[in-house]
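J.: sharing a model prediction with you, sequence too.
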Number of protein chains: 2
Amino acid sequence: MTDPLVIFTPSGKRGRVAPGTTVLDAARQLGVDLDSVCGGRGICSKCQIQPGTGAFPKHGITVAEDALSAFNAVEQRYDDKRGLKPGRRLGCQARIQSDVLLDVPPESQLHKQVVRKAATHRDIRLDPAIRLAYVEVAQPDMHDPSGDLERLKAALAAQWEIDNLQTDLAILKNLQTTLRKGDWKVTAAIHHTSGASRLAALWPGYYEGPVAGLAIDLGSTTIAGHLCDLRTGAILASSGLMNPQIRFGEDLMSRVSYAMMTEGGAGEMTAAVRDGLADLVRALADEAQIPAEAILDVTLVCNPVMHHLALGLDPYELGQAPFALATADALDLKAGDLGLPTAPFAGLYILPCIAGHVGADAAAVALSEEPDRAEALTLIVDVGTNAEIMLGQKGRVLACSSPTGPAFEGAQISAGQRAAPGAIERVEIDPATRTPRFKVIGSDLWSDDPAFDSPVTGICGSGIIEVIAEMRRAGLVDATGLIGSPEQTASTRILPDGRTYAFLLHDGEPQITVTNADIRAIQMAKAALYAGARLLMDKFGTDAVDRIVLAGAFGAHISPDHALILGMIPDADPVNVTSAGNAAGTGARIALLDKTARPRIETLVRKIEKIETAIEPRFQEHFVAASAIPNGADPFPLTRARANLPEPSFQAGADRPRRRKRA
Amino acid sequence: MTDPLVIFTPSGKRGRVAPGTTVLDAARQLGVDLDSVCGGRGICSKCQIQPGTGAFPKHGITVAEDALSAFNAVEQRYDDKRGLKPGRRLGCQARIQSDVLLDVPPESQLHKQVVRKAATHRDIRLDPAIRLAYVEVAQPDMHDPSGDLERLKAALAAQWEIDNLQTDLAILKNLQTTLRKGDWKVTAAIHHTSGASRLAALWPGYYEGPVAGLAIDLGSTTIAGHLCDLRTGAILASSGLMNPQIRFGEDLMSRVSYAMMTEGGAGEMTAAVRDGLADLVRALADEAQIPAEAILDVTLVCNPVMHHLALGLDPYELGQAPFALATADALDLKAGDLGLPTAPFAGLYILPCIAGHVGADAAAVALSEEPDRAEALTLIVDVGTNAEIMLGQKGRVLACSSPTGPAFEGAQISAGQRAAPGAIERVEIDPATRTPRFKVIGSDLWSDDPAFDSPVTGICGSGIIEVIAEMRRAGLVDATGLIGSPEQTASTRILPDGRTYAFLLHDGEPQITVTNADIRAIQMAKAALYAGARLLMDKFGTDAVDRIVLAGAFGAHISPDHALILGMIPDADPVNVTSAGNAAGTGARIALLDKTARPRIETLVRKIEKIETAIEPRFQEHFVAASAIPNGADPFPLTRARANLPEPSFQAGADRPRRRKRA
């Protein structure tokens, strides 16, 4: 008689097993993804399956009523205590007696899929570095003395095939009481990384409490974190706080300067950022109502300067050519190394840096946006005080950074402010009347709505981009970035401002104007951004890209239409310009939930071609051309056709013929 | 033409190499033990060799004058700067042109032999876990960005075949400045342990400063350390200090009690012992006039309670059956884990514990005394408040511990004191006159010498053993341990002391007597010690041992003759009873200087048969018999014959026949 045939759905995996084999063992033999924490003791119920009975012509199988052994006492006890869904069986208890079809419901799959965002329908594979293992440990024996730890390791090796387990003094501290409290039955959290297994936590008995992980996006301005349930992939809490380093300097270079100029300055900033990270851990744990010690794994992404400061390394070398990182590779640390109040031996994975100016945050964006897997040639721009730019498609990815400065964040702008209630974030100028209207953060009404009564406090980054682009479209600013005189523009909103002019955007209290100096600042910033992108296009050998992805929190608020008019990004149809939101944070979350993403991004980062803008002569050329709006060299045909840009010239002697004019 | 023949002495290794091969490369090809730190750059001179010329009939070789290439510019530069001994060549520079005989002087051998002690002529192999490697690191390149650490690792892999180098945040901290200070040439200290290499320190350029290691014997009472030069094996400084835990309890069990009874008590004791260890590190570094940061590797041996307290583990379980250790295996930590002010990433190797009462100190004794390699059946006794006892020979080793208590250290003795100036340490009683004389610590004179004028303050451990043995030999004490009356002993030095008597040892200020209670305390202690040894002999199946080794600082001061009369140890010829001095400290030093000793002791510890005296019924029987002096069951023929012991009986009704009498 042949052995029973077993078919698992949805995987379709099939094979024959010896009669009497448990479903769990059959799943293991056939490589079916069936979870188990208790190792087949009928405690965890992770291995639940749903057997089918009757004929399944599609699978060519007929299943008898008694294909599985009868519901047994262990299953009955579990059902009485916690309830099993109708028809469900415990895979570790049910034994296969004849041909059977077994469905593995999603919650019993070890590697679940987590829907990341409805928009893209891309899923994150759930395969965290942390796995729980319930074990029964041998008791001490005076006739054969050995340490409790050695007996725990032996149990994990015998019952879970976990060899060479690494441990830490911090874990040893409570080992003996935990083993005795659990009556020699414990649940171990094992942290698996490439080639190594570490004991991350240990609980008495069968542990059913929270098992959490934390993905951190450490920015120069804000520190954001997603606290995730490592069993389901669900986000338990998301939160952000200001980077306490702000007090040492708004932007990265001012912090590098502080480290260089101040004795012990780097150390002060390290302490500040670690305090901030610890605060974030506590805040998220509070929000999710779990103990911080339930956080068993952490991933961290950040730019190179934050990377060094968080690690306690002086960022001195990052402030000057050749911008040498102390270490660029991914780091597999313990959360305790940075003083995080997580489980004492929680993992801390820091993604690799791409180059001295292109950090682990850019690597996280690459992990999230996967330019290396894209069919379309994709340009990814992460806008901050330093723009990180990637260009690529399947087979080849290039990256660079470009020093855009803080203008896009509202700094260096006369009425600039951070994105906060009262900040102008949307602007329209009627091309005929040249009258502006705007929206402020905190209100959905346009400012010309009779019901509009919000206070107006300044212009945030997205607002300044829109108003300059609108001024260019309305003929108030020429291609060189000069604001025309009241006469040249026939606008009463143009006010004299020293030797140049300013545009009155809001005639209230306070009066908000856009000065020619504001426009110059944005021109410098956008020219740097564009020149970086253009340089990558040169290196790739292309004049156009198929798709543009704006990453970063700021990228989410930029209007593609206005960014194109301004010439921030290469010419494109606005429908091909999308926002990826906080792609760096998403990348950190992917690395947290799916440990296989870690070697993947490490490999990709090694393959990425790194372009250093500072030593590329063409960067300067592109920068000069890109200071024009939209551009002095590249034609921007799609944008010009769509926006119908006028071509006034407000130079002194503007009636003389212009060197270059475009329709 | 055949390739040149090369013969190395003293190893005798020989082989043919391609003409033009450097001596260093030839040594590597032939597996000859020739040192090099600079990797063949003519900087370190570790690879010096002495070529012979002329005929060497014994080796069957004739060496031409030009067998090696001419003295070159690199050698000339080294000779000018530092001087080469006449005839010496740098192995990395001299190239082999024809048949040659090359002597490797001891200082050029990588694995030197360190003479440990003249007495035993046993050597320690010098093969420390720390090795220096001089490397040239590629400079950062903006066209191919990578971290400084990754380039250092690549250099170590390419130039020294060191792969998978582990690093630590502490090392990263100064990495960038060190690389630049050394103009991209650095000396790395690599810590090699089983299967892993760690970067322990990094210096700019070619490092010629101290490279030290520290072997620590952490006892309940004292912490002793040997600071060793890891290049030569020489002891740079030896020092000891009181274990600051003394304030929590004199003996181990009182410290375990303190941990059990006092909230946070274990933590206090951990802090105290770590402070003591740190003080020892600083004191030894000061004494040797080297910076503490030059200490790159540490080995530690201690009993199980100290082991747990040093590691920050609660010793609670060690205070009660089944005496379960939290961890028994050897531990490969970093010195920083215990807060030692050594190099930040120095290694810390803690030897394995044998059982809950037989610690890493006993393992160190086994490493030093090698009972597993002995031809003679050897009993090793490490006397302390807990005696650790090993019995074995090639093929089989047994171990146990026995609770002797603190009487041997002078505690529980009416005139007892620590071994310090003024303490009586040697005693003789004239068998005819029954008059005692003694020596005190700090004087070489006997007390009956007219020139003797030292103050006398009490009796130390070795003194109490001698006086009781002498009293037994002089007929002042009977086999049961009773002191006779003045009438029974015909001695005016016998004084009434309640219902028993005392012996007046020193009739001065203070008057020093040995009371019957003192004798009872020593009887209990020696009975425990003997019973443990006898139990191991039972298990081994023997009634006699060939050799007895007294280990420990106290063991070094015990007179074998008196120990035998007292019946502390099994009957033997005193010439076969030797002291091993501080064998635990020596074992720690062996593990420090020879990394191959580490797996060796780990293997031996696993093989040792552990006997738990507390659960062996025969232990109690042996203990009862051993309370007699020398013994109530074992005949002690050698000792009785040698010491000519009288057999008085001072029991009430002593004229009744005794149950057992021996000649």
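T.: Looks like it came in fine.

J.: the bottom helix or strand of chain A by mean pLDDT?
T.: Lowest mean confidence among the helices and strands of chain A (mean pLDDT, DSSP states H and E): strand A:113-117, at a mean of 55.

J.: which positions in the stretch 101-250 of chain A make contact with chain B?
T.: In this structure, the stretch 101-250 of chain A approaches chain B at residues A:139-150, A:167, A:169, A:172-173, A:175-177, judged by C-beta under 8 Å from any C-beta of the partner chain. No exception for glycine: its C-beta is placed from N, CA and C like everyone else's.

J.: which of those residues are buried?
T.: For those, a neighbour count by 16 or more other C-beta atoms under 10 Å in any protein chain shown gives the buried set as A:140, A:142, A:145-150, A:167, A:169, A:172-173, A:175-176.

J.: show me the two of those residues that sit farthest apart.
T.: Longest distance between any two of those is 25.7 Å, between A:Met142 and A:Leu169; criterion C-beta to C-beta.

J.: so A:Leu236 sits against A:Ala288, correct?
T.: Yes. Applying C-beta atoms under 8 Å as the test, A:Leu236 and A:Ala288 come out as touching, 3.9 Å apart.

J.: can you pull up the bridge partners for the residue nearest to A:Leu280 when sequence neighbours are not counted?
T.: What sits nearest to A:Leu280 in space, not counting adjacent residues and going by C-beta to C-beta, 6 or more residues apart in numbering or on different chains, is A:Gly225, at 5.0 Å. Legend: beta-bridge partners of A:Gly225 under DSSP bridges are A:Ile216, A:Ser239.

J.: A:Gly225 and A:Thr232, how far apart?
T.: Using C-beta to C-beta, to the nearest Å, A:Gly225 is found at 18 Å from A:Thr232.

J.: do A:Ala411 as well
T.: Separation of A:Ala411 from A:Thr232 (C-beta to C-beta): 41 Å.

J.: quick one, which of these two is more surrounded?
T.: Neighbours were tallied for A:Ala411 and for A:Thr232 using other C-beta atoms under 10 Å in any protein chain shown; the higher tally belongs to A:Ala411 (17 against 14).

J.: mutual contacts of A:Leu236 and A:Ala288, please.
T.: Between them, A:Leu236 and A:Ala288 have A:210, A:212, A:227 as joint contacts when contacts are counted by C-beta atoms under 8 Å, 6 or more residues apart in numbering or on different chains.

J.: please see if whichever strand or helix holds A:Ala517 touches chain B.
T.: For A:Ala517, the host element (DSSP states H and E) is helix A:516-540. No. In this structure, helix A:516-540 remains apart from chain B according to C-beta under 8 Å from any C-beta; the gap is never smaller than 11.8 Å.

J.: buried residues in that helix?
T.: Of the residues in helix A:516-540, those buried by neighbour count under the rule 16+ other C-beta under 10 Å are A:516, A:518-540.

J.: same deal with stretch A:267-274?
T.: In stretch A:267-274, residues buried by neighbour count (16+ other C-beta under 10 Å) are A:268-274.

J.: contact partners of that stretch?
T.: Outside of stretch A:267-274, the residues within contact range by C-beta under 8 Å, 6+ apart are A:218, A:223, A:243-245, A:247-248, A:255, A:258-259, A:262, A:306, A:309-312, A:338-340.

J.: now stretch A:98-105
T.: Residues lying outside stretch A:98-105 but in contact with it, judged by C-beta under 8 Å, 6+ apart, are A:4-11, A:19, A:23, A:27, A:32-34, A:48-52, A:56, A:59, A:61-64, A:66-68, A:88, A:91.

J.: are any of those buried, and if so which?
T.: Buried residues within those, defined by neighbour count using 16+ other C-beta under 10 Å: A:4-9, A:11, A:23, A:27, A:32-34, A:48-52, A:59, A:61, A:63, A:67-68, A:88, A:91.

J.: contacting residues for whichever residue of the stretch 351-500 of chain A sits closest to chain B?
T.: When C-beta to the nearest C-beta is the measure, the stretch 351-500 of chain A has its nearest residue to chain B at A:Ala355, with 3.7 Å between them. Contacts of A:Ala355 were listed using C-beta under 8 Å, 6+ apart, and they are A:304, A:323, A:325, A:328, A:399, A:401, A:610, A:612, B:145.

J.: recalculate using a threshold of 10 Å.
T.: A:304, A:322-325, A:328, A:362, A:388, A:399-401, A:605, A:608, A:610-612, B:142, B:144-147 (C-beta atoms under 10 Å, 6 or more residues apart in numbering or on different chains).

J.: same thing with A:Leu331?
T.: If you count contacts by C-beta under 10 Å, 6+ apart, A:Leu331 has them with A:300, A:307, A:311, A:337, A:348-353, A:360, B:149, B:167, B:169, B:172.

J.: hey, what's it bridged with?
T.: In this structure, A:Leu331 has the following beta-bridge partners (DSSP bridges): A:Ile350.

J.: show me the buried ones among the contacts of stretch A:98-105 that map onto helices.
T.: Among the buried ones among the contacts of stretch A:98-105, the subset assigned to helices under DSSP state H consists of A:23, A:27.

J.: in strands, which of the buried ones among the contacts of stretch A:98-105 appear?
T.: Residues of those located in strands (DSSP state E): A:5-9, A:48-52, A:61, A:63.

J.: for those, which one is nearest B:Asp444?
T.: Closest to B:Asp444 out of those is A:Gln48 (84.4 Å), distances taken as C-beta to C-beta.

J.: which stretches of the stretch 301-450 of chain A form helices?
T.: Taking DSSP state H, counting those that start in this stretch as the criterion, the stretch 301-450 of chain A contains helices spanning A:304-311, A:360-369.

J.: for B:Asn631, find the nearest of those helices.
T.: Each of these was scored for nearness to B:Asn631 using C-beta to C-beta, and the closest is helix A:304-311 (65.9 Å).

J.: now, which of the contacts of A:Leu331 sits nearest A:Lys112?
T.: When the contacts of A:Leu331 are compared for distance to A:Lys112, the smallest value, 20.2 Å, is given by A:Tyr349; criterion: C-beta to C-beta.

J.: the closest one and B:Ile522, how far apart?
T.: When C-beta to C-beta is applied, the distance between A:Tyr349 and B:Ile522 equals 61 Å.

J.: excluding covalently adjacent residues, which one is nearest to A:Lys607?
T.: Using C-beta to C-beta, 6+ apart, the closest residue to A:Lys607 is A:Val397 (7.0 Å).
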